[in-house]
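*Asks:* Take a look and give me a structure for this.
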Amino acid sequence: QVQLVESGGGLVQAGDSLRLSCAASGGTFSLYAMGWFRQAPGSEREFVASINGRGETTYYADSVKGRFTISRDNGKNTVYLQMNRLKPEDTAVYYCAARWALLRGPNDRYDYWGQGTQVTVSS
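*Replies:* Next comes the predicted model:
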């Protein structure tokens, strides 16, 4: 059983940056592909970014490509989401997730989820 705890959310202005962190425990972190998702009020949860176990392969949603960067530190059992040039439409609860399988793409299914961290971007 893998436990995931997100942190780093907050209230920022449009154009600002934030870095989200997701600390994992309870498993061999490097064996899990990791993903970030978000859910805005009244909307379905959507894929944001993902990274394979070794950090060699990443995928991004078109809406964040060029602004967000996913990375991981397997020594710290942590995955990050660096978010730059934030927009009001990035406002959402951000979740990290772990996948006990190879990373194949944005439509992958994930096995474990964190509780989420709120990101609010004001205009």
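
*Asks:* Would you confirm that Val93 contacts Gln118?
*Replies:* Yes: using C-beta atoms under 8 Å, Val93 is in contact with Gln118, at 5.4 Å. For the C-beta atoms, the positions are set from N, CA and C on the backbone; glycine is no exception.

*Asks:* the more surrounded of these two?
*Replies:* Shown here are Val93 and Gln118; by other C-beta atoms under 10 Å, Val93 has more neighbours (18 against 12).

*Asks:* For the more buried one, which non-adjacent residue is spatially closest?
*Replies:* Nearest non-adjacent residue to Val93, counting by C-beta to C-beta, 6 or more residues apart in numbering: Gly116, 4.2 Å away.

*Asks:* That neighbour: what's it in contact with?
*Replies:* Contact analysis of Gly116 by C-beta atoms under 8 Å, 6 or more residues apart in numbering lists Glu6, Gln39, Val93, Tyr94, Tyr95.
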